[in-house]
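Student: What would the 3D arrangement of this be:
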Amino acid sequence: MILMKKREIGWLLLICSFFVACGSDKTDPVAKSEPIIETESESTVAVVEIDFLTEEKAIRQTLVGQNTAISQKEEDDIMSFWIKSDDRNIFTAWTFAGGGFEKYEGWRAVKNGWIGIFKLRGGQMATDVSRVEIDSRASKAVLYGKYKWEQNGELIIAFQKQRGKWLIRAIDYTNGSFGKQISKLSNPAYTNPKE
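Tutor: Numbering: from 1, shown residues only. Next up, the predicted model:
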């Protein structure tokens, strides 16, 4: 019988462990797993098709609703068609009170302007729309037209979509006669009628 020294036994065990580790298959719990290769998934870009005719119809309907409320002198109903904010970009400009230029900035001021003007004027508000422009995301629009309401004139209305509903942001009943109140859309995706 051959006696091995402790040192030689240690080396032998180390070499056997090495061979077992190198020659193992995937079911061996000591075996190293294959590296996981992560791949980036392709992101999907959703293309939303905008029905501009439907958007224009909704814009016009907002205007009709506001005109009906004006005709009935219902300032609460009028303001339901407006963006509710006291920001200066929410405004109305007119010359209804004796021909002098007036501008009311903020939702509350616009409402108070209507309350004041109803003491002087009334009647059926009618609008003849000449052009509607809508931006590429259908989130902003500008409407041009003529109005009849105890006096005749031209108007420009800025609309903005909030929570899927078109609301009025600003109206200039002077058609810019007292300075540019409402900016044009820089590159409208839709214009009716086409220029």
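Student: Lys165 versus the residue nearest to the spatial centre of the chain, what's the distance?
Tutor: By C-alpha atoms, centre = their mean, the chain has its centre lying nearest to Ser139, at 4.7 Å. Computed as C-beta to C-beta, to the nearest Å, the Ser139 to Lys165 distance reads 12 Å. In short, each C-beta sits where N, CA and C put it, glycine included.
Student: And for Thr95?
Tutor: Distance of Thr95 to Lys165, computed by C-beta to C-beta: 30 Å.
Student: And those two? Which one has more around it.
Tutor: Counted by other C-beta atoms under 10 Å, Thr95 and Lys165 do not tie: Thr95 has more neighbours, with 15 against 10.
Student: I figured the more buried one was touching Thr174, is that so?
Tutor: Yes: the criterion here is C-beta atoms under 8 Å, and Thr95 meets it with Thr174 at 5.8 Å.
Student: any residues in contact with both of the two?
Tutor: Phe101, Gly153 (C-beta atoms under 8 Å, 6 or more residues apart in numbering).
Student: Please identify the buried residues of stretch 163-178?
Tutor: Residues Trp166, Leu167, Ile168, Arg169, Ala170, Ile171, Asp172, Tyr173, Thr174, Asn175 are the ones in stretch 163-178 that count as buried (16 or more other C-beta atoms under 10 Å).
Student: biggest separation within those residues, which pair?
Tutor: Trp166 and Thr174 (22.6 Å; C-beta to C-beta).
Student: Now tell me what touches stretch 88-97 from outside.
Tutor: 82-83, 101-107, 109-110, 113, 116-117, 120-121, 150-151, 153, 169-174, 177-178, 181.
Student: returning to that earlier point: could you tell me which of the buried residues of stretch 163-178 belong to strands?
Tutor: Trp166, Leu167, Ile168, Arg169, Ala170, Ile171, Asp172 (DSSP state E).
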